[in-house]
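Engineer: Give me the fold of what follows.
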Amino acid sequence: MADKTKLAVIAAIVIVAAAAAYLFLAHRGAPAATATAPATEAGQTTASTNSSASIVNADSLDDCEGDNVVVVVYAEGQEKLAEKIASLLQQQLAGHVPQGTVFCTAPAGSSGLADARVLPLILVKASNTSAKLEQLLLNETIVDGYRPIRYDVDAVFAVQVAARFGLPKPVYNAEAEAVIVEPQAAVARLEPEQLQAQRQLLELVEAVFAAKITRVTAADTVEGFSRDTRPGLVLRSSVDLTDGDPAVARIGDNLYEAREIDFARVFMQRGLVEAIEYEKSADELDLVEAAERHPAIGSGPVHVAVFEDFMCPFCAKFYNETLPWLEQQAARGVLTLHFMDLIVHQQGVVPKLHRLLLCYFIETHDAEGYVDAVKEIYRLLLVDLEKLQKEEINETALLKDYDMLYEKLREKLGIDENCTEAPKLITESTRIAQKLGLTGTPSFAAWREGGNYVIVTEGFRTQQFFEKLLDSLKG
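Structural biologist: Numbering: from 1, shown residues only. This next block holds a predicted model:
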């Protein structure tokens with residue numbers, strides 16, 4: 001791995017978008033707090049710290065002597081956490097603070113900082129710091145020339161270190177109530193009890209806002225809430241949560257939201273909700289016009305757009321297990337099914353197959369014939385995947401089978417993939433998927449004619465899910 005990718009945890013979280021990324025990944029296990037030092041920034045004048053020097057465990061901040069000092073101020077019971085953070089910072093800030101910088105820990109009580117917003121509190125006093133570190137430091141001096149690290153970055157870092165090494169978590173002197181901003185559709189609702197039970201997630205939310213969450217509630221509307229996606233999350237606090245925390249925006253009286261984090265997507269990624277809701281109509285999201293140009297079956301008032309990739313195993317599973325029930329609902333006039341492209345697998349003839357079937361639909365307007373051809377592709381994929389698991393074939397053989405199926409379909413449909421409109425439809429479908437934040441297959445977008453919201457979900461979904469979905473969209 002190149003040196004420039006070995007960024008320290010503290011330097012990597014330059015903006016809270018990185019904290020958001022950590023929120024998405026946290027359910028797969030907290031990342032280790034790396035002890036790898038970052039590469040020195042090109043052209044900067046600061047030199048490396050002496051990473052072999054011992055950590056000074058002082059009795060108070062006044063005892064952390066030196067012109068250049070990084071100190072971790074801690075609450076009672078956080079001694080080991082503070083020392084671990086100081087040790088990691090000693091290595092990770094190499095090249096970001098002057099050579100000979102002293103790394104120190106000090107108790108908050110005797111340092112006059114017991115009421116600090118977050119503890120441990122990372123303070124820096126240095127004659128010269130890198131541009132990267134400057135982005136993390138608050139533009140204020142709180143005591144004796146020391147500047148604090150942004151409270152959200154400080155807290156996110158401390159949470160990761162505590163989780164990695166089994167140490168006490170950070171503490172906060174600000175309290176807040178977490179308010180779930182609920183969607184209209186029941187299928188996307190998140191109950192307060194569900195979120196309350198997610199302690200690891202709440203610890204990260206607390207870190208982003210640098211505030212202790214005392215309870216979780218829910219509301220259908222919240223003053224000033226600006227995001228298009230729900231369920232959302234805002235914090236209510238009598239403390240100004242924007243103070244020292246640029247990740248947070250004030251949206252109303254005592255109400256705050258995270259600037260860079262789409263909590264609806266966090267909740268879906270962690271499995272707390274099966275779907276999220278866009279508070280815009282399908283027309284506003286350009287879904288209606290795009291869907292009308294793609295193959296569709298049925299004519300019901302509820303619309304479901306399927307975003308698929310012809311080498312996607314879970315798309316094949318969806319076609320095999322769930323699609324038959326949806327086709328029944330389409331035949332009954334309950335819904336309209338739209339089939340749209342989101343090509344994830346670029347290998348072999350997969351893109352050509354997408355173009356081939358679209359060219360067939362454009363030429364014939366035969367949506368059922370289009371779907372029948374897709375089913376044939378997925379039947380092959382399911383058979384070959386089973387053979388792969390049994391090691392009866394390899395991936396090269398699978399791609400060869402796709403080559404043969406492509407030729408078979410090209411002959412059967414009497415068309416090739418070179419029509420000019422097919423690439424345009426694929427580009428349009430991909431743009432719509434990206435607009436909805438969809439990156440994998442299968443993905444789905446659902447709406448009701450005349451409705452003012454769209455429901456979005458990713459991954460294989462069962463008949464039971466779509467029963468709840470249709471119930472939510474009954475009008």
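
Engineer: now the strands for the stretch 51-200 of the chain?
Structural biologist: 56-57, 69-74, 102-107, 118-119, 121-125, 147-148, 171-172, 175-181 (DSSP state E, counting those that start in this stretch).

Engineer: Strand partners (parallel or antiparallel) of the third one?
Structural biologist: Note on strand 102-107: by DSSP bridges, its sheet partners are strand 56-57 (parallel), strand 69-74 (parallel).

Engineer: per-domain residue ranges of this protein.
Structural biologist: 3-41+53-165, 174-278, 287-472 (automatic domain parsing).

Engineer: ok now the second one, how far from the chain's centre?
Structural biologist: Centroid separation for domain 174-278 versus its chain: 14 Å, with CA atoms, centre = their mean, to the nearest Å.

Engineer: Please apply the same query to stretch 271-286.
Structural biologist: How far stretch 271-286 lies from its chain's middle: 16 Å, per CA atoms, centre = their mean.

Engineer: Quick one: mean pLDDT for that stretch?
Structural biologist: Stretch 271-286 shows an average pLDDT of 96 in the prediction.

Engineer: Let's see it as CSV, backbone CA atoms only.
Structural biologist: Extracted in CSV, the C-alpha atoms of stretch 271-286 (Å, rounded to 0.1, in the frame of the first residue of the first chain):
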residue,chain,number,x,y,z
GLY,A,271,-30.6,-3.3,8.7
LEU,A,272,-32.7,-1.2,11.1
VAL,A,273,-35.2,-0.5,8.2
GLU,A,274,-35.8,-2.4,5.0
ALA,A,275,-36.4,0.8,3.0
ILE,A,276,-36.1,4.5,3.0
GLU,A,277,-38.4,7.2,1.8
TYR,A,278,-37.6,10.2,-0.5
GLU,A,279,-39.9,13.1,0.3
LYS,A,280,-40.3,14.0,-3.3
SER,A,281,-42.6,12.7,-6.0
ALA,A,282,-41.6,10.3,-8.7
ASP,A,283,-41.9,13.1,-11.2
GLU,A,284,-39.6,15.4,-9.2
LEU,A,285,-37.0,12.5,-9.1
ASP,A,286,-37.4,12.0,-12.9
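
Engineer: quick one: buried residues of stretch 350-367?
Structural biologist: For stretch 350-367, the neighbour count (16 or more other CB atoms under 10 Å) marks 350-362, 367 as buried. Backbone N, C-alpha and C define where each C-beta goes, glycine included.

Engineer: who touches it?
Structural biologist: Stretch 350-367 is touched from outside by 294-297, 309-311, 339, 341, 343, 369-370, 373-374, 377, 402, 405-406, 409-410, 413, 415-419, 421-423, 425-426, with contacts defined as CB atoms under 8 Å, 6 or more residues apart in numbering.

Engineer: picking up where we left off before, point out the most buried one among the strands paired with strand 102-107.
Structural biologist: Scoring these by mean neighbour count under mean count of other CB atoms under 10 Å gives strand 69-74 as the most buried, with a mean of 27.

Engineer: and the angle from it to strand 121-125?
Structural biologist: 160 degrees (axes from the mean of the first three to the mean of the last three CA atoms, to 10 degrees).

Engineer: Now tell me what touches strand 69-74 from outside.
Structural biologist: Contacts for strand 69-74 (CB under 8 Å, 6+ apart): 58, 61, 64, 81-83, 85-86, 89-90, 93, 97, 101-108, 111, 113, 116, 119-126, 146.

Engineer: give me that answer again for 7 Å
Structural biologist: Residues outside strand 69-74 that contact it (CB atoms under 7 Å, 6 or more residues apart in numbering): 61, 64, 81-82, 85-86, 89, 93, 97, 101-108, 111, 113, 116, 119-125, 146.

Engineer: among the contacts of stretch 350-367, which are in strands?
Structural biologist: Ala296, Ile297, Phe339, Asp341 (DSSP state E).

Engineer: among those, which two are most distant?
Structural biologist: Pairwise distances across the ones in strands among the contacts of stretch 350-367 peak at 16.2 Å for Ile297 and Asp341 (criterion: CB to CB).

Engineer: between these two, who's got more neighbours?
Structural biologist: Using other CB atoms under 10 Å, the more surrounded residue of Ile297 and Asp341 is Asp341, with 24 against 17.

Engineer: If that one is in a bridge, with which residues?
Structural biologist: The residues listed as beta-bridge partners of Asp341 by DSSP bridges are Glu308.

Engineer: any idea how far it lies from Glu308?
Structural biologist: 7 Å (CB to CB, to the nearest Å).

Engineer: tell me which element Glu223 falls in.
Structural biologist: Under DSSP states H and E, no helix or strand contains Glu223.

Engineer: That one reaches Glu257, doesn't it?
Structural biologist: No: look at Glu223 against Glu257 with CB atoms under 7 Å: they stay out of range, at 11.1 Å.

Engineer: who has more neighbours, these two?
Structural biologist: Glu257 (25 against 11).

Engineer: contacting residues around the closest residue to that one other than its chain neighbours?
Structural biologist: What sits nearest to Glu257 in space, not counting adjacent residues and going by CB to CB, 6 or more residues apart in numbering, is Val234, at 4.8 Å. Residues near Val234 by CB under 7 Å, 6+ apart: Val179, Val181, Val222, Phe225, Ile251, Leu255, Tyr256, Glu257.
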